[in-house]
Structures are given as C-alpha cells and as structure tokens.
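S.K.: Sequence first, predicted coordinates after that:
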Amino acid sequence: MVPGAPDFDEWYLGAHGRLVAALVSFSGNVEVAADAADEACARALGRWDRVGTMESVDGWVYRVAINYAKRRLRRAALERRLMARSGSPAVASLEGPAGEIWDVVGRLPVRQRTAVVLRYVADLPEAEIARVMKVTRGTVASTLADARRRLDIALSDVEEVVHD
C-alpha cells in the first residue's frame with residue numbers, strides 16, 4: 001500500500017452508496033445500477049494496488065461502472081428489438097398461456113438468456129451465435145444445454161403450480 005492511498009474498505013463504505021445512486025439515475029434501472037456498481041467495485045478491489053493510488057479513484061470506478069451499465073442496457077435493448085422484429089411468441093404471448101415461458105427465460109443468467117434469444121427468437125445457427133457472443137461454438141452449445149436444463153426445471157415447477 002502506498003502511503004496516503006485510501007484503504008479499499010474505507011473507500012468502499014464512503015463511495016458505494018453514491019455510486020449506486022448515480023447509476024440508478026444514469027440507467028433508470030435499480031438492478032443494472034447495483035450490478036454495475038458491484039462489478040466496478042470488484043474490479044477496483046482486484047486492482048487496488050494500482051487503482052488506490054490513482055489521482056481519481058472515483059473517476060476510474062465511475063467510468064468502469066457506466067461502461068458496464070451501458071453494455072447491459074444495450075444488450076437488453078437488442079433482446080427487445082429481436083423479439084419485436086421477429087414477431088416472436090415472446091412478444092405475441094405475453095398475455096397468453098405461454099407467457100410464463102418468457103418470464104422464466106427472462107430470469108436466466110444473461111449469457112444463457114442471450115443464447116436462447118439468439119437461437120430460438122432470432123433463429124440464428126450456433127456458429128453465428130458464437131460470432132455474436134464472441135465465444136466458441138462449443139460454448140454456445142453448452143450454454144444452450146444449460147439453459148434448456150434450467151428452463152425444464154423452472155417450467156416443471158410452473159406446471160406443478162398450475163395443476164395443483
């Protein structure tokens with residue numbers, strides 16, 4: 001630790017609440033704001049030996065958090081456009097009986113949700129999804145398999161509730 005550099009815990013306690021509040025104002029979304037703040041703080045902690053000595057620790061953390069929030073918001077907007085453009089069941093059936101499927105898809109982790117949307121809504125082949133997501137085709141295949149397992153479990157829970 002460099003003399004005069006703030007302790008991470010001390011900095012975090014003083015900065016985190018303000019960071020989240022600023023990000024809520026920026027993004028309009030509490031979940032995105034909290035995730036972005038947590039991600040930026042985790043990155044700062046991992047590099048604290050360097051970040052803690054910067055002239056503006058807050059400036060670095062805010063830049064990281066805003067960039068993260070922007071990516072999350074762009075990804076969500078893309079998903080909405082894909083669903084709307086395709087006339088997918090996700091858009092058409094929000095009020096219908098299949099609406100719970102898309103509610104469950106919406107609760108998948110971002111990577112799985114993105115792969116599911118690109119495969120089943122945008123109808124992209126795995127190789128194209130891999131290019132879009134900047135991962136290997138094998139990663140896409142395993143991500144989709146994991147998503148299908150999660151959806152199967154979640155939808156069987158929904159079905160049990162409906163039939164009880």
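M.R.: Cool, got the structure.

S.K.: Excluding sequence neighbours, find me the nearest residue to the most centrally placed residue in the chain.
M.R.: When Cα atoms, centre = their mean is applied to the chain, the residue found nearest the centroid is Val110 (4.6 Å). In space, and not counting its chain neighbours, Val110 is closest to Arg75: 6.8 Å by Cβ to Cβ, 6 or more residues apart in numbering. In short, each C-beta sits where N, CA and C put it, glycine included.

S.K.: For Arg81, see how far away that neighbour is.
M.R.: 11 Å (Cβ to Cβ, to the nearest Å).

S.K.: Name the residue in the two with the higher neighbour count.
M.R.: Arg75 (14 against 11; other Cβ atoms under 10 Å).

S.K.: Tell me if I'm right that that one and Arg113 touch.
M.R.: No. Using Cβ atoms under 8 Å, Arg75 is not in contact with Arg113; the gap is 9.1 Å.

S.K.: and the gap between the residue nearest to Val110 and Leu108?
M.R.: From Arg75 to Leu108 the distance is 13 Å (Cβ to Cβ).

S.K.: And the next helix or strand past the lowest-mean-pLDDT helix or strand in the chain?
M.R.: Lowest by mean pLDDT, DSSP states H and E among the helices and strands of the chain is helix 89-92, with a mean of 46. Helices and strands here follow DSSP states H and E; after helix 89-92, the next one along the chain is helix 99-106.

S.K.: roughly how far is the next helix-or-strand element following that following helix from the heart of the chain?
M.R.: Next helix or strand after helix 99-106 toward the C-terminus (DSSP H and E): helix 110-116. For helix 110-116, the separation from the chain centroid amounts to 9 Å (computed by Cα atoms, centre = their mean, to the nearest Å).

S.K.: helices or strands next to helix 110-116 in the packing?
M.R.: helix 57-86, helix 99-106, helix 126-133, helix 137-163 (3 or more Cβ pairs under 8 Å, 6 or more residues apart in numbering; DSSP states H and E).

S.K.: how about the ones you listed, which one is nearest Glu31?
M.R.: Glu31 lies closest, by Cβ to Cβ, to one member of the helices and strands packed on helix 110-116: helix 57-86, at 8.8 Å.
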